[in-house]
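Q: give me coordinates for this.
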Amino acid sequence: MNINLGEEISRRRREQKLTQEDLAELSDLSVNFISRLERTKDQNISIQKLDAIARALNTTTPELINSAYRFKKVKSDGPKDNTPIFIQKVVNELRKLPKGQAERVCKSLIVILKEID
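A: Model (predicted):
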């Protein structure tokens, strides 16, 4: 499976209100490298550089990679999703949680929904 780490790095950087220059300084990499990484899909990055970026973003390399997989946009060949927006928001929030925590929340929601019926 192909992932775009640059999208995840950019998302986390913006979430922490960092500029590309800030991230470059914190990771001891060049601004040009950070910029290229965030905007291109063809990425060739060493584990050392990825570790430096992860540390600068206050995370770990495995978590950065896992998040890039988790937030990967999947193209649908079918009709446009008609799921109500509030359900989409719940699903998006669940995707942000660690797997074990998301499973516990889902199980709790199922119990609650069954009690409502």
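Q: going by C-alpha atoms from here, please, whenever you check contacts or count neighbours.
A: Noted.
Q: what residues sit buried inside the helix ranked longest in the chain?
A: Identified as the longest helix of the chain according to DSSP state H is helix 99-116. By 16 or more other C-alpha atoms under 10 Å, the buried positions in helix 99-116 come out as A102.
Q: tell me the average confidence for it?
A: Averaging pLDDT along helix 99-116 gives 83.
Q: contacting residues around that helix?
A: Helix 99-116 has contacts (C-alpha atoms under 8 Å, 6 or more residues apart in numbering) with 94-95.
Q: pull the CA atoms of it into PDB?
A: C-alpha atoms of helix 99-116 as PDB (Å, rounded to 0.1, in the frame of the first residue of the first chain):
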ATOM      1  CA  LYS A  99      -6.900   1.200  18.000                       C
ATOM      2  CA  GLY A 100      -7.700  -0.300  21.400                       C
ATOM      3  CA  GLN A 101      -9.400   2.900  22.600                       C
ATOM      4  CA  ALA A 102     -11.400   3.100  19.400                       C
ATOM      5  CA  GLU A 103     -12.600  -0.400  19.900                       C
ATOM      6  CA  ARG A 104     -13.700   0.300  23.500                       C
ATOM      7  CA  VAL A 105     -15.600   3.400  22.400                       C
ATOM      8  CA  CYS A 106     -17.300   1.500  19.600                       C
ATOM      9  CA  LYS A 107     -18.400  -1.300  22.000                       C
ATOM     10  CA  SER A 108     -19.800   1.300  24.400                       C
ATOM     11  CA  LEU A 109     -21.700   3.000  21.600                       C
ATOM     12  CA  ILE A 110     -23.200  -0.300  20.600                       C
ATOM     13  CA  VAL A 111     -24.400  -1.000  24.100                       C
ATOM     14  CA  ILE A 112     -25.900   2.500  24.300                       C
ATOM     15  CA  LEU A 113     -27.600   2.100  21.000                       C
ATOM     16  CA  LYS A 114     -29.100  -1.200  22.000                       C
ATOM     17  CA  GLU A 115     -30.400   0.300  25.200                       C
ATOM     18  CA  ILE A 116     -32.200   3.000  23.200                       C
END
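Q: right, I'll call it a day here.
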